[in-house]
Structure formats: structure tokens, C-alpha cells
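Q: predicted model and sequence below, questions to follow.
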Amino acid sequence: MKYTLALLNILIIVSGCQKADFDISNLNNHEISVYGHGGMGIGQTYPINSFESIFHCLSIGTDGTELDVQMTKDSVLVAFHDRSLDHSTNISGQIINKTWDEISDVTYTNPSFTNYKLISLDELLDNTQNIHDFTFTFDCKLYHSTNDLKSYYTSYVNAINKITDKYNLHNNLLIESQDTTFLALLQASNLDHKLFIYPDSFEEGLKIAKIMNLYGITISTEKISKAQIEEAHNEGLFVAIWNTRTKKKTIEAIHKLPDIIQSDKVNYLVNQLK
């Protein structure tokens, strides 16, 4: 009896680790691309958007990663999520009000993260081998402190185009934003940019993406259904979904058949799809 129970427990464990069989149909060559959310995701070993988190993500079989991108006062692009530096780093203020020299040595202050530094996109891309094997999504955080939005947007667009050209990322870059004015400026600067609207609702996103002839929609998995993803696909729009912070949500997201999942459970998603 003991041996029977032991064998049953082993079978349960093994079955729980087995890769599921998914019948995938989408615009992405009928594959779901696995991207990390800021690298390995929220609540993992490293702070999101740190080099260590991104490097680990790219080393375990993903197709790429999403990054939160902000711009300094001197137009350097930096990987960081929050509007303010106050709550998670050893300095205060906003990135847009500081030069890169002023923040290049900033570290995270979470007790587990004090050895990790803020990183510029130049530092990240300079130190990532085989960058053209991966796709990067820039989630553009337009945190500004100016009334001259035209100048701010123009500087941000120029910074993106500069780094795209420098690292030849034209085929390896997706750009997402909630701001249609910013997306329109990016589109006008380079028609080859693959641009995603990041809307409050699927209906809003679909309308904007169709009017602007964008590449796709990026949205929380909780705000989109399988049927809506199919509707977007019928319009020729790629769909990237995020907010998959549990294994259950990850499996539910896969069954919706998006083109991309930006994951906080990267190891688990890789195991399911690769």
C-alpha cells in the first residue's frame, strides 16, 4: 500500500510538470512568443528592468523581453518602471529631471536588491550577446514635467530612433504606448516601426489600432477574451497580453491564443511552450 501511494504521488508530481498540448492558431506563425515582463517579472529574484533580470530572462529560452523605458533630461533611455525614483531606489525625484550622469550609479533599495543598479538601454544592449536573436518591447513611460510636450515627444522619438539605428533593432523591436500623439510621431519618423496601442479596453484599442494602422494591441489578459483576440487577428492586428502572474493565469492566457505573452512566470511559460 505504501509503495502504491508513493507511486501515485510521483505520478501526480510528474503530470503537474508535464508540458500541455496546445493547438495554437494566430498571426505569429501559429506560435506564442514568450517574453519576460521587465526581464524575469515582478516578485522574482531580481528587480524588474535590471540587467540581471533581463540577462537571466534571455538565457532560458525566451523570445525576448518587455522593458519599461523612460528618458532622462539629456535624452538617455533608461529601463525603469515607476514615475518616481523615491520608493525603490536610493535617490528621489524623476528620471526626466536628471541627467544620466546623475543617476548612473543609482541602486535599488529593496533589501534583496541593493546590489543591482539602474541601467541605460545602451548599457543593456552593449552587454547583451546575440541581441538579434531576441525581440525587445519598449513600453514607453512618458513621465514628463513640461508644458512643451512637442519638444519632449520629439526628443523621445529621436532617442528611440537613435538606439534603433545604433543596434540595428529594426526587425527586433516592438514599441507600445498609451499615447496616440506619441505613437503618431513615431510612425511618422519611421513607417517600419512596429507600434502597439496600450488601451484601457479592447474596444478602444481595436478602434485606435485600425484608425492608425498600428501593428497591434497590448493589454492585460483580464481585459481581453479569446474571441476578442480572434477579432483583432481578423483585422490583421497582433496581440500581446500581460498580467499573467500565476500558473493558472498563464495557462488561461495561452488558451486565448495571443501572439505574445509578457510573463511574470517566465520559467513556467517557457516550459509550457518551448
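A: Sure, I can see it. Numbering: from 1, shown residues only.
Q: what ranges does the chain have for its helices?
A: Assigned by DSSP state H, the helices in the chain fall at 2-17, 51-58, 100-103, 121-126, 149-166, 180-189, 202-212, 226-234, 247-255, 266-273.
Q: what's in contact with the fifth one?
A: By CB atoms under 8 Å, 6 or more residues apart in numbering, the surrounding residues in contact with helix 149-166 are 71, 75-77, 96, 121-122, 125, 138, 140, 142, 144, 146, 169-170, 173, 175, 181-182, 185-186, 189-190, 193. All C-beta atoms are positioned from the backbone trio N, CA, C, and that covers glycine.
Q: 6 Å - rerun?
A: Under the contact criterion CB atoms under 6 Å, 6 or more residues apart in numbering, helix 149-166 has outside partners 71, 75, 77, 121, 144, 146, 173, 182, 185-186, 189.
Q: check the offset of that helix from the chain's centre.
A: Mean-position distance between helix 149-166 and its chain equals 19 Å (CA atoms, centre = their mean, to the nearest Å).
Q: can you check stretch 128-143 too?
A: 8 Å.
Q: show me what that stretch is in contact with.
A: 58, 63-64, 66-70, 83, 96, 125, 172-177, 179.
Q: also stretch 81-97?
A: 68, 70, 72, 78, 106-109, 143-145.
Q: select only the buried ones of the residues you listed in PyMOL?
A: In PyMOL syntax, the buried subset of the contacts of stretch 81-97 is picked out as below (16 or more other CB atoms under 10 Å):
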select buried, resi 68+70+72+78+106+107+108+144
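Q: list the buried residues for stretch 153-163?
A: 153, 155-157, 159-160, 163.
Q: how near is residue 91 to residue 85?
A: From residue 91 across to residue 85, the span is 5 Å (CB to CB, to the nearest Å).
Q: who has more neighbours out of these two?
A: residue 85 (22 against 14; other CB atoms under 10 Å).
Q: quick one: pLDDT of the more buried one?
A: We note a pLDDT of 97 for residue 85 in this prediction.
Q: over to residue 13?
A: 41.
Q: likewise the one 4 residues further on?
A: Predicted confidence (pLDDT) for residue 17: 52.
Q: state the mean pLDDT of stretch 114-128.
A: 95.
Q: buried ones in that stretch?
A: Neighbour counts over stretch 114-128 (16+ other CB under 10 Å) mark 116-124, 128 as buried.
Q: cool, and stretch 199-212?
A: 199, 202, 205-206, 208-209.
Q: of all those residues, which comes closest to residue 231?
A: Within these, distances to residue 231 taken as CB to CB reach their minimum at residue 206, with 7.0 Å.
Q: against residue 185, how distant is the closest one?
A: With distances taken as CB to CB, residue 206 is found 22 Å from residue 185.
Q: ok, residue 245 next?
A: Relative to residue 185, residue 245 is positioned 33 Å away (CB to CB).
Q: which residues are contacting stretch 251-267?
A: Contacts of stretch 251-267 (CB under 6 Å, 6+ apart): 22, 24-28, 32-33, 35-37, 40-42, 57, 66, 221, 226, 229, 238-242, 244-245, 250, 269.
Q: now the residues you listed: which count as buried?
A: By neighbour count, with 16+ other CB under 10 Å, the contacts of stretch 251-267 hold 26-28, 32-33, 35-37, 40-41, 57, 66, 221, 229, 238-242, 244-245, 250, 269 as buried.
Q: before we move on, back to that, which one of the helices of the chain has the lowest average pLDDT?
A: Among these, helix 2-17 scores lowest, at a mean of 42.
Q: model confidence for the closest residue in space to residue 43 that isn't next to it in sequence, exactly?
A: Closest residue to residue 43 apart from its sequence neighbours, by CB to CB, 6 or more residues apart in numbering: residue 264 at 6.7 Å. Listed pLDDT for residue 264 reads 97.
Q: next one: residue 43
A: So, for residue 43, pLDDT stands at 89.
Q: so residue 194 sits against residue 174, correct?
A: Yes. At 4.9 Å, residue 194 and residue 174 qualify as touching, with contact defined as CB atoms under 6 Å.
Q: quick one: which of the two has more around it?
A: Higher neighbour count among residue 194 and residue 174: residue 174, with 24 against 17, using other CB under 10 Å.
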